[in-house]
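Novice: Below is the sequence, then the predicted model.
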Amino acid sequence: MTMMNSREKVFNSEPIQVFCRVRPVINSSERTCLKVVPPCEIHLTQPQTPSRHGKNIKYTFKEVFEEDSKQKTVFDLVALPLVQNLLVGKSGLLLAYGVTGSGKTYTMTGNAENPGIMPRCLDVIFNSIYEYQAKKFIFKPDKLNGFELQSDADAKLDRDHALLSHISQNKGSRPKVDKLNSDPDLLGRSRDSSRVNFIDEDNHYAVFVTYVEVYNNNVYDLLEDLYSDASRPKPLQAKIVREDSSHNMYVHGVTEVEISSPEEAFEVFYKGQKRKHIAQTTLNTESSRAHTVFNIRVVQAPTDENGETLLLDKKQVIVSQLSLVDLAGSERSVRTKNTGQRLREAGNINNSLLTLRTCLEILKENQNGANKMIPYRESRLTHLFKNYFDGQGQVTMIICVSPSFEDFDETLHVLKFAEMSQEIQMTCPTVIPSVGYTPGRRKANQAFKAALLEYNTIKKDPLIVETVSAEVKPELGNNPENLAYEEAFRNIPILDFVQMDDDVTLKNAVSYFKENSELYSSNINSINTRYQAFRDSLLKSERDTFMATQELKSLSSLLEVEKNKVSDFERKLHHTVQEMNTMKRKFDECELTIKRLKRELSQKNLEINEMKIERENLIEIYTNQMAEKEQKMNNELHNKLSSQKSAFALELRRKKEKLRRVRKILDTDTDSLLSVATSSGVPATTSTAPTSPPAKTNTTEVPCPIVTPPSNIQAMGGGPVRSSARRLGIAVSNKRHRRSRSADVWLDHRPAIAVPLGTVMQPKMNKKKSVTKLTQAKDVTDGASKYCLMTQGQDSDGDLETRLYKGDVIPTLGGGAQVMFNDIEVLKQMSPSRSPYKGVD
Ligand SMILES: Nc1ncnc2c1ncn2[C@@H]1O[C@H](COP(=O)(O)OP(=O)(O)OP(=O)(O)O)[C@@H](O)[C@H]1O
């Protein structure tokens, strides 16, 4: 932003300086999540929730200011270097960044008791340039971000014009800057007494300020119509950001006010302040809803070669700028509970801050080799500061953080961003003065003027001349001129006029002065020459003294910087030593732990070996025991098997005998069996009680049937039978297919050879069809509703057993039929001489 063309610039690179300030706890019940570890560290403690542990996150900055740090301390470390640069022609940008209510405005502006950075900057600037200030309107803004130089006469005309217009606006009253409506807070402040000593004393200085805000991504001039009726301010017009001929960004048509004291600046600032967009949010009673930029421009130009007047050469003008930016607070709408206009403002604030972050992140990436376009134009804020990020000035950031747990998430974002920002390198040009005139000429000229004035005063006073002559005479030395002068002195005639016509004395005097007039004139010439020589040597020594003083000042400022660096290093060293000691302690502890663990490990190894041996012994013992047991069990099994084999053989033999006897019975004539049954007096259709013992017959060899019929067997018209039918778990056929029992036609399915009909072993089926008579599927479905499969055979006791498998015949959809079994009836015939509960005798 330095606008000098003819002077040399040297570019040096340095990272963005980031400082951090912690706001004091406002509400004593607030839980804090921050801890400052001076001088450079801050620890952020994560709040403990069920899903996350409260871990500590460490951030390091150039300096971290504790809650009770003084405004002066903050200014000296953060902003004073920027003011020093400003006065030597280097531009700077100071951004105050942080969440809503974290203390940005307090840090940047402050109040009467604790003035912040802005008032202190103005104090220091005017403390430093006070003696070298140019008259107002000598430097005149050209409306294109540059400055014109005016002669004294033109400047005076402008001053008169400004005065007249002000008087007419204020209806006849003259402007009294100090009594204007200045910021009541800042006017009563305690003034900062620091000053910058190494400024160029051969320059004339002027200070200009502008005050703008970026609100809803528009730039507004807060000083527009500054001198119009303050009680009825007009609505502000959005301004455009432009680039000047030297590629510097500026707000086109912005009101730039020349100020000659801090008080005038506060006057201007206060008027702008009243037009700022401020609102009450849930998080801060007076929250800035816009980013405000207070710009201080220092214009300087050198004096001519005699150090007398300003050099009217535009090329020699140096303009440097310090932009003090109070960013609007980053916040979450969830917490601020904003709606409508406030929500829109918050959205715009967050967008512009996001663009700022993005620009810095891409800058960093580009410095690491990427080649991305930086989206400065996405937000007016970044567009306005493009020059700084492109390397036209020093960038410093002060991060304000709130210690409250409530702000944890936002604070984390801010700290992360700030930590990243310090990795970005910025190039800043330094202007090297090269006007070519003798440095110190202004002071020398002033000294000469003072001496001349004194000389003239002396010349006019004869008493002083005589005294000086008397004083000078002994100091003149022994050169011939001086000796002649001395001789002349000695021979001064005694001008003691006795009477009015004392011609003798008069003649003597005339002849004396005639004789010595030549001597006098030669002496005067010589004195003039010597005076000139003396003046030259005086100028030279003045110049040398000035140079030496300048060098001394720059050396002392360098020394100061170095001292600061040394104390910085010392602090860091101290800190590092402390850290090293802690690490060493931890290291020793770790070593002890390792030793202990090693001991434990070898102990455990020993135990493992012992256990291995023990296990092997046990395995051997168990293997032996198992082999023994196996042998024993094998023997037992073998014995059991052989005893069971002989029992089975015996049983088999008995069964065979039984079978033989049953065969023999079956082979006996059926008729004789029937006659035996009839003669035994047991009616074939009589039902007997299941528990009643069977009647004994004479023909004891013929078994008597004992049957208890189940309900459905009776429905079949079954005879006197005792049923041992067991119901199986077969699903009962669909009731809709049931027909009247009397109408049931049975499909009779039986082997060709069976116990002859008429015995009790035959079921009674009123209507039946033999399955052997069925020739086609229709025969089955046509009328048959029941199915009975009969088998006859020998049971396990060697008795005759008839099994009846009964079911329903159900027609299928395809026109066929299926049988669903639902009953099994078992009819047994056994010897009446044998108990039903005991085995066969
Ligand atoms: N270091 C401090 N010492 C004492 N008071 C402070 C400090 N920092 C902030 N405060 C107080 O905290 C309150 C909020 O501070 P301030 O208005 O400066 O916050 P802010 O970050 O500018 O907020 P916003 O972004 O909403 O404008 C004010 O009352 C202020 O006086």
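Specialist: It's in. Since this is a predicted model, take the numbers as computed values, not measurements.
Novice: Return, as residue ranges, the portions of the stretch 251-400 of the chain with sub-threshold pLDDT.
Specialist: Confidence mapping of the stretch 251-400 of the chain against pLDDT under 70 gives the ranges 277-288, 331-349.
Novice: what are the ranges of the strands in it?
Specialist: Using DSSP state E, counting those that start in this stretch, the strands of the stretch 251-400 of the chain run over 257-259, 278-279, 287-288, 291-302, 318-326, 394-401.
Novice: so what's residue 323 bridging to?
Specialist: residue 93, residue 295 (DSSP bridges).
Novice: Of all the strands of the stretch 251-400 of the chain, which one is nearest residue 235?
Specialist: Proximity to residue 235 (CB to CB) singles out strand 278-279 among the strands of the stretch 251-400 of the chain, at 16.3 Å. Bear in mind the C-beta positions are built from the backbone N, C-alpha and C, glycine included.
Novice: before we move on, back to that, possible to save the strands of the stretch 251-400 of the chain as TSV with distance to residue 623 and mean neighbour count?
Specialist: Shown next, in TSV, are these (distance: least, CB to CB, whole Å; neighbours: other CB atoms under 10 Å):
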stretch	distance to residue 623	mean neighbour count
strand 257-259	106	21
strand 278-279	90	16
strand 287-288	86	23
strand 291-302	87	25
strand 318-326	87	24
strand 394-401	74	25
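Novice: Now those strands in CSV, please, with extra columns for distance to the ligand.
Specialist: Below are the strands of the stretch 251-400 of the chain laid out as CSV (distance: least, CB to the nearest ligand atom, whole Å):
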stretch, distance to the ligand
strand 257-259, 24
strand 278-279, 8
strand 287-288, 3
strand 291-302, 10
strand 318-326, 7
strand 394-401, 6
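Novice: And these: which comes nearest residue 446?
Specialist: With CB to CB, the closest approach to residue 446 among the strands of the stretch 251-400 of the chain belongs to strand 291-302: 15.3 Å.
Novice: Now do the closest one: which elements does it pack against?
Specialist: Helices and strands touching strand 291-302, by 3 or more CB pairs under 8 Å, 6 or more residues apart in numbering; DSSP states H and E, are helix 80-87, helix 117-129, strand 203-215, strand 318-326.
Novice: and it with helix 117-129, angle?
Specialist: Between strand 291-302 and helix 117-129, the angle comes out at 10 degrees (axes from the mean of the first three to the mean of the last three CA atoms, to 10 degrees).
Novice: Determine how far strand 291-302 lies from the middle of the whole chain.
Specialist: 34 Å (CA atoms, centre = their mean, to the nearest Å).
Novice: what's the angle from it to strand 203-215?
Specialist: Orientation of strand 291-302 against strand 203-215 (the same axes, to 10 degrees) gives an angle of 160 degrees.
Novice: how close does the residue nearest to residue 116 when sequence neighbours are not counted sit to residue 591?
Specialist: Leaving out its chain neighbours, the residue that sits closest to residue 116 by CB to CB, 6 or more residues apart in numbering is residue 110, at 3.0 Å. Using CB to CB, to the nearest Å, we find residue 110 at a distance of 52 Å from residue 591.
Novice: In terms of neighbours, single out the busier of these two.
Specialist: residue 110 (21 against 10; other CB atoms under 10 Å).
Novice: Any chance of the backbone angles for that one?
Specialist: Main-chain torsions, residue 110, degrees, to the nearest 10: phi 70, psi -160.
Novice: so it touches residue 71, yeah?
Specialist: Yes: with contacts counted by CB atoms under 8 Å, residue 110 reaches residue 71, the gap being 5.5 Å.
Novice: okay, and the common contacts of those two?
Specialist: Residues touching both residue 110 and residue 71 (CB atoms under 8 Å, 6 or more residues apart in numbering): 116-117.
Novice: Any idea how many residues pack against residue 743?
Specialist: 10.
Novice: I'd say it and residue 785 touch.
Specialist: Yes: using CB under 8 Å, residue 743 is in contact with residue 785, at 7.3 Å.
Novice: Endpoints of stretch 391-407, how far apart?
Specialist: Taking CA to CA, to the nearest Å, stretch 391-407 runs 34 Å from one end to the other.
Novice: Now find how far off-centre it is within its chain.
Specialist: Centroid separation for stretch 391-407 versus its chain: 14 Å, with CA atoms, centre = their mean.
Novice: which residues are contacting stretch 551-558?
Specialist: Contact with stretch 551-558 is made by 84, 197-198, as judged by CB under 8 Å, 6+ apart.
Novice: Could you provide those in TSV, with additional columns for neighbour count and pLDDT?
Specialist: TSV is the format used below for the contacts of stretch 551-558 (neighbours: other CB atoms under 10 Å; pLDDT from 0 to 100):
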residue	neighbour count	pLDDT
84	21	92
197	16	83
198	19	80
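Novice: rewinding a little: quickly note the distance from the residue nearest to residue 116 to the ligand.
Specialist: Separation of residue 110 from the ligand (CB to the nearest ligand atom, to the nearest Å): 9 Å.
Novice: In the chain, which helix is the longest?
Specialist: As assigned by DSSP state H, the longest helix anywhere in the chain is helix 503-667.
Novice: what angle sits between that helix and helix 80-87?
Specialist: For helix 503-667 against helix 80-87, the angle by the same axes, to 10 degrees is 130 degrees.
Novice: what about helix 503-667, average pLDDT?
Specialist: Averaging pLDDT along helix 503-667 yields 87.
Novice: which residues touch the nearest residue to residue 790 once chain neighbours are set aside?
Specialist: Excluding the flanking residues, the one nearest residue 790 by CB to CB, 6+ apart is residue 750, at 4.0 Å. When contacts are counted by CB under 8 Å, 6+ apart, residue 750 touches 770, 789-791.
Novice: Check the gap between the residue of the stretch 501-650 of the chain with the smallest separation from the ligand and residue 584 for me.
Specialist: Relative to the ligand, the nearest point of the stretch 501-650 of the chain is residue 571 (21.6 Å; CB to the nearest ligand atom). Distance of residue 571 to residue 584, computed by CB to CB: 20 Å.
Novice: Also residue 665?
Specialist: Counting by CB to CB, the gap from residue 665 to residue 584 is 111 Å.
Novice: is the closest residue to residue 309 other than its chain neighbours in a bridge, and if so with what?
Specialist: The shortest distance from residue 309 to any non-neighbouring residue, by CB to CB, 6+ apart, is to residue 303 (6.4 Å). On the basis of DSSP bridges, residue 303 is bridged to residue 310.
Novice: Tell me, how many residues neighbour the closest residue to residue 195 other than its chain neighbours?
Specialist: Setting aside the residues directly before and after it, residue 195 is nearest to residue 127 in space (CB to CB, 6+ apart), at 3.9 Å. Applying other CB under 10 Å, we find 16 residues neighbouring residue 127.
Novice: What confidence value was assigned to residue 127?
Specialist: pLDDT for residue 127: 93.
Novice: so who does it touch?
Specialist: Residue 127 is in contact with 192-196, counting by CB under 8 Å, 6+ apart.
Novice: So which of those is the closest to residue 513?
Specialist: Of those, the one sitting nearest to residue 513 (CB to CB) turns out to be residue 195, at 57.0 Å.
Novice: if we take the contacts of stretch 551-558, which one ends up nearest to the ligand?
Specialist: Nearest to the ligand out of these is residue 84 (CB to the nearest ligand atom; 24.2 Å).
Novice: dump the residue contacts of that closest one.
Specialist: 196, 198, 557.
Novice: and if you look at residue 241?
Specialist: Residues near residue 241 by CB under 8 Å, 6+ apart: 219, 249-252, 380, 383-384.
Novice: so what's the backbone phi/psi at the closest residue to the ligand within the stretch 251-400 of the chain?
Specialist: Using CB to the nearest ligand atom, residue 329 is the residue of the stretch 251-400 of the chain that sits closest to the ligand, at 2.7 Å. For residue 329, the backbone dihedrals are phi -70, psi 140 (criterion: degrees, to the nearest 10).
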